[in-house]
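Colleague: What follows is a predicted protein model with its sequence.
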Amino acid sequence: MPDGAQPVLDVKDLKTVFKTRSGDIHAVNTVSFEIRPGELLGVVGESGSGKSVTMMSLLGLLPSPPADVCGGNVMFDGTDLLKCSADHLRSIRGAGIGFIFQDPMTSLNPVFTVGFQIMEPLRTHMGFDKAGARVRAKELLELVGIPDAERRLKDYPHQFSGGMRQRVMIAIALACDPKVLIADEPTTALDVTIQAQIIELVRDLRQKLGMAIVWITHDLGVIAGIADRILVMYGGQIVEQGPVRTVFGDPQHPYTRALLKTVPSIRGEKASKLNVIEGQPPILTAEPKSCSFRARCTHAFDRCTRENPRRYPVGNSHDVACFWDPATGGPRNV
């Protein structure tokens, strides 16, 4: 990642609310982050922490209603994505920002060939004619490691394995050479061998193409091996962020520490029960006015109930939204 490079994507105070019959659900609450060219940013947290909703909010991919992206700014190439027209936003999806969805079987259209689905963004965004788009689609399948690419362009999604479908999704996301690639748990439904292949593929593509990547996952082991920087999300907020080695080596938030303890050890010690985080993530029927993790936190004290902590700097490019200081075992001096 170039030192001092300007962010390619800059998100400030993003808010997303779901309007339901039972009331409002505040799914994303004042989320701010940035990513620079060539950087791989990991986003981790439990299911329901707001990871996917945050990233889909950026590109207008949530159905409205019930979703309402009601605050913040998302700057990309000098444009606030939350304020641009629907047509302009459509031109940015795929061309400027690529998106790899969680489940390729439901994300790929079963009634169109894989070739058609790769060629569509090329013709829509890049101005390719049919013959040129087909040549480029073949190159993309080869780039993501699918053999006999010319023939496979004629196949339908059900004729591919899970790992191959995920490679097709990556090919579609890369078709227009986006500046940012958002990968939403791209290895969740795959076996460990295919997971390793997909991770290695993305690592190679990042090196070759120099794009910024946002990798959403609940797998801390994966992020430890590929990310430059990490965001830890809980209750629709970023509770800790910093360089991945710093955050994993010296976690400052009780939630980050608890997450790391749930990772199984492979060091050969006597088998024991896996650690778990007691309790459930909150259902945010109102914008949080106190710490969302307090009910599950063993270090919570009075201030955690009265006030929602902002993110405080705790090191070089490392900040945390918590009043507890692990260095002293008591309240942080903020």
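Modeller: That came through, no problem. Numbering: from 1, shown residues only.
Colleague: low-confidence ranges in the stretch 201-334 of the chain?
Modeller: Where the stretch 201-334 of the chain drops to pLDDT under 70, the residues are 265-272.
Colleague: how about the helices in it?
Modeller: 220-226, 244-249, 254-261, 302-306 (DSSP state H, counting those that start in this stretch).
Colleague: and these, which is most packed in?
Modeller: Of these, the one with the most neighbours on average (mean count of other C-beta atoms under 10 Å) is helix 254-261, at a mean of 20. Using the backbone N, CA and C atoms, a C-beta is placed for each residue, glycine as well.
Colleague: Contacts for that one, please.
Modeller: 44-46, 220, 232, 234, 239-240, 247-248, 251, 275, 277, 293, 296-299, 322, 324, 326 (C-beta atoms under 8 Å, 6 or more residues apart in numbering).
Colleague: Make CSV from the helices of the stretch 201-334 of the chain and add distance to residue 209 to it.
Modeller: Shown next, in CSV, are the helices of the stretch 201-334 of the chain (distance: least, C-beta to C-beta, whole Å):
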stretch, distance to residue 209
helix 220-226, 15
helix 244-249, 21
helix 254-261, 31
helix 302-306, 44
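Colleague: hang on, isn't residue 138 packed against residue 150?
Modeller: Yes - Residue 138 is in contact with residue 150 according to C-beta atoms under 8 Å; the separation is 5.5 Å.
Colleague: neighbour count winner among these two?
Modeller: When neighbours are counted by other C-beta atoms under 10 Å, residue 138 and residue 150 differ, and residue 138 comes out ahead with 19 against 13.
Colleague: is it fair to say that one lies in a helix?
Modeller: Yes - with DSSP: H, G, I helix; E, B strand; the rest coil as the criterion, residue 138 is located in a helix.
Colleague: and it, how far is that from residue 115?
Modeller: Distance from residue 138 to residue 115, counting by C-beta to C-beta, to the nearest Å: 8 Å.
Colleague: Can you work out which residues contact both of the two?
Modeller: residue 153.
Colleague: How many neighbouring residues does the closest residue to residue 330 other than its chain neighbours have?
Modeller: Leaving aside its sequence neighbours, residue 330 sits nearest to residue 324 (C-beta to C-beta, 6 or more residues apart in numbering; 7.4 Å). As a burial measure, residue 324 scores 22 neighbours (other C-beta under 10 Å).
Colleague: Isn't residue 324 up against residue 299?
Modeller: Yes - assessed by C-beta under 8 Å, residue 324 is found in contact with residue 299 at 4.3 Å.
Colleague: For the stretch 51-200 of the chain, give me the ranges with low pLDDT.
Modeller: Segments of the stretch 51-200 of the chain classed as low confidence (criterion: pLDDT under 70) are 189.
Colleague: Do a quick rundown of the strands in it.
Modeller: Under the criterion DSSP state E, counting those that start in this stretch, the stretch 51-200 of the chain contains strands at 67-76, 79-80, 97-100, 180-184.
Colleague: export the ones you listed to CSV and tack on distance to residue 38 and mean neighbour count?
Modeller: CSV is the format used below for the strands of the stretch 51-200 of the chain (distance: least, C-beta to C-beta, whole Å; neighbours: other C-beta atoms under 10 Å):
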stretch, distance to residue 38, mean neighbour count
strand 67-76, 16, 18
strand 79-80, 21, 14
strand 97-100, 15, 24
strand 180-184, 11, 24
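Colleague: Mind putting these into CSV with distance to residue 61?
Modeller: CSV is the format used below for the strands of the stretch 51-200 of the chain (distance: least, C-beta to C-beta, whole Å):
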stretch, distance to residue 61
strand 67-76, 9
strand 79-80, 17
strand 97-100, 7
strand 180-184, 10
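Colleague: Residue 262 is nearest to which of the ones you listed?
Modeller: Closest approach to residue 262 among those is made by strand 180-184 (21.1 Å; C-beta to C-beta).
Colleague: any idea of the angle that closest one forms with strand 67-76?
Modeller: Put simply, strand 180-184 runs at 140 degrees to strand 67-76, going by axes from the mean of the first three to the mean of the last three C-alpha atoms, to 10 degrees.
Colleague: Is the residue most central in space within the chain bridged to anything, and to what?
Modeller: When C-alpha atoms, centre = their mean is applied to the chain, the residue found nearest the centroid is residue 216 (3.0 Å). Here residue 216 sits in beta bridges with residue 43, residue 184, going by DSSP bridges.
Colleague: Could you find the closest non-adjacent residue to residue 110?
Modeller: Using C-beta to C-beta, 6+ apart, the nearest residue to residue 110 is residue 157, at 5.6 Å.
Colleague: That neighbour - how many residues pack around it?
Modeller: 21.
Colleague: What of residue 109?
Modeller: Counted with other C-beta under 10 Å, the neighbours of residue 109 add up to 13.
Colleague: Spit out the contact partners of the nearest residue to it once chain neighbours are set aside.
Modeller: For residue 109, ignoring the flanking residues on the chain, the nearest one in space by C-beta to C-beta, 6+ apart is residue 117 at 6.2 Å. Residue 117 makes contact with 108, 109, 168, 172, according to C-beta under 8 Å, 6+ apart.
Colleague: show me what contacts residue 81?
Modeller: Contacts of residue 81 by C-beta under 8 Å, 6+ apart are 58, 59, 60, 74, 75, 89, 92.
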